[in-house]
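*Asks:* Predicted coordinates and the sequence they were generated for:
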Amino acid sequence: MYPQENKLSAKESKVLKETFQYLDALEAKKLKLDKQTYSRYSNFENIFHFSFSGKKITKWIQSRIKNYSMGSTGDFIAYYNNGEVVLGKQFFLLSKLDRCLVILHEARHADGKEYSHVTCPDNFRYLNTRDLKIHPSGKKGCDSKEDGGYGVTASFIFELGAYGYLSQAETAYRYNSEISRILEND
């Protein structure tokens with residue numbers, strides 16, 4: 001059911017499986033937001049072309065990522081390279097939600113070079129929510145497309161909040177953090 005994990009230790013494979021089990025359990029329930037707010041901010045179906053479902057998201061990811069390995073990731077938590085996601089040590093210290101976000105983000109990179117990152121401005125003042133030691137300014141850590149890696153994760157986070165998996169405060173914080181990495185075209 002899961003992509004090849006033969007390049008991970010047994011402990012790392014267990015963490016990855018737990019991440020997908022968490023994701024698989026997410027389903028659309030009754031909306032916890034008013035329909036006007038939901039209609040204004042939900043972009044999930046426009047990006048994924050299906051309604052919110054953890055199992056469908058897992059299939060979406062698995063259609064793009066074939067292998068996982070553990071390795072040096074430099075200034076990143078993970079990176080995508082030719083069907084494989086290399087996970088850094090920091091990945092295994094994240095919460096299940098943050099691990100899902102990392103994998104979802106990396107899966108978007110599999111859709112082509114148009115989803116590659118662009119350089120964040122030198123004066124980029126936002127923190128990396130998953131690792132405060134990672135400073136995006138001046139590095140290829142931003143997106144120029146609303147449906148890039150950060151747009152994908154923002155849409156996912158919004159759905160989590162809309163269906164009550166996250167509080168309103170956590171939804172806004174996480175959503176705004178992801179959206180801040182999408183540079184507006186002038």
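*Replies:* Everything's here; your move.

*Asks:* for the protein, what spans make up the strands?
*Replies:* Ranges of strands within the chain are 4-7, 67-70, 78-81, 84-87, 118-119, 140-142, based on DSSP state E.

*Asks:* Comparing the ones you listed by mean pLDDT, which bottoms out?
*Replies:* With a mean of 60, strand 4-7 has the lowest mean pLDDT of the strands of the chain.

*Asks:* how deep is R40 tucked in, by neighbour count?
*Replies:* Counted with other C-beta atoms under 10 Å, residues neighbouring R40 total 10. In short, each C-beta sits where N, CA and C put it, glycine included.

*Asks:* got the contact list for it?
*Replies:* Contact analysis of R40 by C-beta atoms under 8 Å, 6 or more residues apart in numbering lists nothing.

*Asks:* Quickly note the distance from it to D75.
*Replies:* To D75, R40 is 35 Å away according to C-beta to C-beta, to the nearest Å.

*Asks:* So, low pLDDT: which residues of the protein?
*Replies:* Within the chain, the ranges that satisfy pLDDT under 70 run 1-6, 185-186.

*Asks:* residue boundaries of the helices in it?
*Replies:* Assigned by DSSP state H, the helices in the chain fall at 10-24, 35-41, 44-48, 54-62, 96-109, 149-162, 168-179.

*Asks:* For my notes, please list those helices in TSV and give distance to G71 for each entry.
*Replies:* TSV is the format used below for those (distance: least, C-beta to C-beta, whole Å):
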stretch	distance to G71
helix 10-24	11
helix 35-41	36
helix 44-48	29
helix 54-62	19
helix 96-109	13
helix 149-162	19
helix 168-179	25
